[in-house]
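Undergrad: Give me the fold of what follows.
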Amino acid sequence: MSLNNIRVVITGASSGIGAATAIAFAREGARLVLGARGQDGLDDVARRCRAAGATVDTGSIDVTDADAVKTFAADARDALGGIDLWFSDVGIGVVGKYHEVPLADHQRVIESNLISHMNEAHAVLPVFLKQGHGTWVNMISAGGFVAAPYAAAYSASKFALRGFSESLRGELAGHPDIHVCDVYPTFVDTPGFAHAGNYTGAQLKYPPGAIAPEKVAQAVVKLAQRPRATTAVGAPALALQLAQFLPLSGAMNHFLDKWSQRGDRTPQTRGSLYAPPRGASGLHSGQRRAGSGAGPDAGSQPSTALVVGAAAIGLALGLQLWKRKS
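TA: Below is the predicted model:
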C-alpha cells in the first residue's frame, strides 16, 4: 500500500510519539488531521509537517469528552474524504504511592488513557465500517504487560486497553479489512515525564536505553502498510508477554522506594493532568545525551527492556527447572 495521500488522524499529536508519528507520515506524503489539547504544540507540529510537504488540519480537543470526539471525527472525515488510519496516542501518568495521590488524579489518568481511547474508537469505527476498511492504532505501552508500583492508575489503564483491543478484534473478525493494532513501547524519550503528575518528591528521569519517539513512529507507519495485532518496540513481544507471569512488583517497589528517597528533590506537581502545557513541548525530553538513549544521571535506573528481558530469561529457566523436577 502506498502511503502517498493516505488519510491519517492522530490524537495526542502535540508532542512526543504523536508528534514524531505525524512528521513521519508527513514525509510519506500523508494527509493529516492532528488533535490535542494544546494549540501551541499543534501549531508547532503542523508547521513541521507542512515543511515536509504534507497537508495538515488541526483541532484543539479534550478526548475525554465523547461528544467533542465525535464532532472531531466527523470533521476529520469530511476534511479528508475518509479516514484510513486513526492513531489514538493520548496518554498521561501520575507517579506516587497509590494512597498518597489524590483520587481525582487517578481518575484523570483513567479518563485520559482508557476512556479517551474508547471514545475515539467509538467515533471512528462507524467510519471504517461504512468504508469497509480502516486501521485503528491503539498506543498502550510495556506497562500493559508489566504492572508498575507507584503508577497504579497508569497500569490499570494500560492493562484495560489490552482487553479493550482484544474485544474489538473479536467483534470485527468478520471485517478482514478493518484492523485493531496495539503498540507496546518500553521507555520512550518524550516530554511525558515533564507532563506527569509527581508525588514522589524525586525528579523523574529516563533510564538508560530509553528509545527515541521516532522509532515508535516508524513502527506505527509500518502498521499502515502491514497491520498486525501486537507490535512491541524496545523489547521483544514474547519477553513482554512472559514477564507478566513473574512476581516483579515487589522488587520494583523496593527499587522505587529507594529511588524516591535518594533522587534529586522536586516539589509535588499535577503536571499537565488538567491543562495542556504552555507552549510547544516538542518530541524529546531533553534529558538524552547526543547519540545516547540515556538521560543525565540516569545510571541508577534500570531500563525497562533490561528488566523485561531478565524477567523472561528467569521465567524460561524456571520452566526448565520445573520440567526437570517433574
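
Undergrad: In this structure Arg265 contacts Thr200, no?
TA: No - counting by Cβ atoms under 8 Å, Thr200 is not a contact partner of Arg265; they are 9.9 Å apart. In this view, the C-beta of every residue, glycine as well, is placed from N, C-alpha and C.

Undergrad: So for these two, which residue has more residues nearby?
TA: More neighbours sit around Thr200 than around the other of Arg265 and Thr200, counting by other Cβ atoms under 10 Å; the figures are 22 against 9.

Undergrad: Mind checking what secondary structure the more buried one has?
TA: Here Thr200 takes the coil state, with states given by DSSP: H, G, I helix; E, B strand; the rest coil.

Undergrad: just Val180 next, same as before
TA: Classification of Val180 by three-state DSSP places it in strand.

Undergrad: The one 4 residues further on too?
TA: On the three-state scheme (three-state DSSP), Tyr184 is labelled strand.

Undergrad: Can you give me the distance of the residue nearest to it when sequence neighbours are not counted to Ala243?
TA: Across the structure, with Cβ to Cβ, 6 or more residues apart in numbering as the measure, the residue nearest Tyr184 apart from its sequence neighbours is Ala232 (4.7 Å). In this structure, Ala232 lies at 11 Å from Ala243, with Cβ to Cβ, to the nearest Å as the measure.

Undergrad: next one: Thr186
TA: The value you get for Thr186 to Ala243, if Cβ to Cβ is used, is 11 Å.

Undergrad: Count the residues that sit near the residue nearest to Tyr184.
TA: Neighbouring residues of Ala232 were enumerated by other Cβ under 10 Å; the total is 22.

Undergrad: same check, this time on Phe164
TA: One way to gauge burial is a neighbour count; for Phe164, by other Cβ under 10 Å, it gives 18.

Undergrad: Quick check: nearest residue in space to it, chain neighbours excluded?
TA: Leaving out its chain neighbours, the residue that sits closest to Phe164 by Cβ to Cβ, 6+ apart is Met118, at 6.4 Å.

Undergrad: which element follows the host helix or strand of that neighbour toward the C-terminus?
TA: Under the criterion of DSSP states H and E, Met118 resides in helix 116-131. Beyond helix 116-131 in the direction of the C-terminus, DSSP H and E gives the next helix or strand as strand 134-139.

Undergrad: CA atoms only for that following strand - export them in CSV, please.
TA: Taking Å, rounded to 0.1, in the frame of the first residue of the first chain, the C-alpha atoms of strand 134-139 are listed here in CSV:
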residue,chain,number,x,y,z
GLY,A,134,-9.5,1.2,8.2
THR,A,135,-6.8,0.7,10.8
TRP,A,136,-7.1,1.8,14.4
VAL,A,137,-3.8,2.0,16.2
ASN,A,138,-4.0,1.8,20.0
MET,A,139,-1.0,3.2,21.8
